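Chemist: task: produce atomic coordinates for the following.
(one chain, ligands or ions: 1)
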Amino acid sequence: MINLVLFGPPGSGKGTQSEKLIQKYSLAHLSTGDILRNELKQQTPLGKKAKAYMDKGELVPDEEVIAMLLQTLDRQNHANGFIFDGFPRTREQARALRHALTDKDMRIDLMITLDVPKKELIKRLLKRGQLSGRSDDELSVIENRINVYNEQAQPVIDFYDKMHKYASIEGTGTIDEIFARICAVIEAVK
Ligand code: B4P
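Modeler: The predicted structure follows:
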């Protein structure tokens, strides 16, 4: 079993690389962004509340996101392990995840950050906005999402770095080049 956290700014390729990782390592995928977008689509009370935050590029409050993630975690089969994509994003979320995993006799093996320059993030997200119509892929919202990431990232990185579970990966280049870099750090801890 291996449990991974994929971290990085918006547009750094967390979703893209997660798809490849779940194939290669047969992991269960938990993306809080995807779960929230699904809640929004279903017009659930959480989805309606989350929309206001997501539209502005703000984080959905910890209380809601943590409860949602823990419920989903309880429902998932975890034979080979999990990839947590976009969670935790705050130190509170990191603490809650550690607590929940400890109760299940599990732990995070590695937190991988995808490092991508701001200019490239904006380019990728504007392109995705044109192709997918995601309403948060619009310039002023993208810039706020990047600022929010920059404010919240360091405490999360420190949380895993203190436990020697943090790896930073250069997130530019082709998708396959980045994937090879990620696999190399995973193989080193397996
Ligand atoms: P997320 O869904 O996590 O969205 P993201 O950070 O924008 O995406 P990601 O990094 O996965 O980018 P992707 O691979 O798609 O969050 C959305 C919102 O939900 C947040 O702003 C927040 O409001 C809320 N939320 C989610 N989790 C939360 C939490 N834990 N707490 C509170 N709120 C939370 O890549 C982007 C684009 O780049 C794609 O189009 C892709 O094709 C392209 N791309 C990828 N790799 C590339 C490469 N190597 N070269 C060129 N293009 C590439």
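
Chemist: residue contacts, residue 18?
Modeler: By Cβ atoms under 8 Å, 6 or more residues apart in numbering, the contact list for residue 18 reads 6, 29, 31, 83, 85. Just so you know, the C-beta spots here come from the backbone N, C-alpha and C atoms, and that holds for glycine as well.

Chemist: of all those, which two lie farthest apart?
Modeler: Greatest spatial distance among the contacts of residue 18 (Cβ to Cβ): 6 and 29, at 9.8 Å.

Chemist: which of these two has more neighbours?
Modeler: Higher neighbour count among residue 6 and residue 29: residue 6, with 26 against 16, using other Cβ atoms under 10 Å.

Chemist: residue 20 is in contact with the more buried one, correct?
Modeler: No: applying Cβ atoms under 8 Å as the test, residue 6 and residue 20 come out as separate, 10.8 Å apart.

Chemist: what about the closest residue to residue 100 other than its chain neighbours, how many residues nearby?
Modeler: Spatially, and ignoring its direct neighbours in sequence, residue 100 is nearest to residue 70 (5.4 Å; Cβ to Cβ, 6 or more residues apart in numbering). Counted by other Cβ under 10 Å, the residues lying close to residue 70 total 14.

Chemist: residue 70 contacts residue 93, correct?
Modeler: No: using Cβ under 8 Å, residue 70 makes no contact with residue 93, being 10.4 Å away.

Chemist: any idea how far residue 55 is from the nearest residue to residue 12 once chain neighbours are set aside?
Modeler: Sequence neighbours aside, residue 114 is the residue nearest to residue 12 in space, at 3.9 Å (criterion: Cβ to Cβ, 6+ apart). Separation of residue 114 from residue 55 (Cβ to Cβ, to the nearest Å) stands at 24 Å.

Chemist: when those two are compared, which one has more neighbours?
Modeler: Remark: of residue 114 and residue 55, residue 114 carries more neighbours, 22 against 13, as counted by other Cβ under 10 Å.

Chemist: identify the residues contacting that one.
Modeler: By Cβ under 8 Å, 6+ apart, residue 114 lies in contact with 6, 7, 8, 9, 12, 13, 14, 17, 169, 171, 178.

Chemist: okay, now the residue in the chain positioned nearest to the ligand: neighbour count?
Modeler: In the chain, the residue that lies nearest the ligand is residue 33 (1.8 Å; Cβ to the nearest ligand atom). Using other Cβ under 10 Å, residue 33 has 18 other residues around it.
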